[in-house]
Structure formats: C-alpha cells, structure tokens
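Student: what follows is a predicted protein model with its sequence.
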Amino acid sequence: GFPMSMSWHGNCLYVGDKSGSLYLIDTTDDAFEIVQQYNTGHSGKVTSIATGLGSLITSSSDGDIRFFHPSRNLDLMATIKNPDCGEAAQISYNDHILAGAFSNNTVKIWARA
C-alpha cells in the first residue's frame, strides 16, 4: 500500500501504509533503505506513528492504538481499543501523556500513572 504516515527518530524512519503495514527505513548516510516490513495487526490503514526511546505507537483507521517495543520483531506491548470513536486519525505522545484524535470529533488523553 501507499504511505499514510511516518515518524523519524535518529536514523530510523518508520512509515505506515494503507494496508496496515509498517516499514523501518535506515536513514544512515542518506541511504533510505527498507530494513524491515512489519505486520502491525491493525485491520485498517496506519494513520499516525509516534516513536521514542523504547516505544513505538501506531494508530489506525480501525480505531485502535497499539504500543510496540521497537525491536527487529516489533513486539506488541499493549492495545487501546476505541470502538465508539471511529477512526484514530492522529496521535501525539510526550512526557508520558498520549493524546488521540478520532473521526467522531473526540480527543482522548491518557496519562501514565
């Protein structure tokens, strides 16, 4: 599928596509080579990606937000389901606070306890 979202962290560029896949692209020395393709488990397109040290978060048109450990296997750590909100259009993660914007005009905020 074609690219829908991306997030750049260090020399790693993550690109989410229309089919729900995620690609890891190595940007070292401007190489921009695809290193790995991942199945995110989303049943819709990947609409947003947030990356940081020790975590990679994706949102999807299926309404779910998924948390992964960014390794070669992209290990799933958790899923937040939002069945009443429509598509998860955009996410933002900063200082242990996650914000999600949804197609039903809802914004949800989660804070780590």
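Tutor: Sure, I can see it.

Student: from now on I want contacts and neighbour counts done on CA atoms only, so please keep to that.
Tutor: Fine.

Student: how many other residues sit next to the residue nearest to residue 60 when sequence neighbours are not counted?
Tutor: Distances taken as C-alpha to C-alpha, 6 or more residues apart in numbering place residue 46 nearest to residue 60, at 4.5 Å, with adjacent residues excluded. By other C-alpha atoms under 10 Å, the residues close to residue 46 number 30.

Student: wait, doesn't residue 46 sit right on residue 16?
Tutor: Yes. Judged on C-alpha atoms under 8 Å, residue 46 makes contact with residue 16 at a distance of 5.1 Å.

Student: which residues are in contact with each of the two?
Tutor: 4-5, 22 (C-alpha atoms under 8 Å, 6 or more residues apart in numbering).

Student: now the buried members of these.
Tutor: 4-5, 22 (16 or more other C-alpha atoms under 10 Å).

Student: re the thing from before, return the subset of the shared contacts of residue 46 and residue 16 lying in strands.
Tutor: Of the shared contacts of residue 46 and residue 16, the ones assigned to strands by DSSP state E are 4-5, 22.
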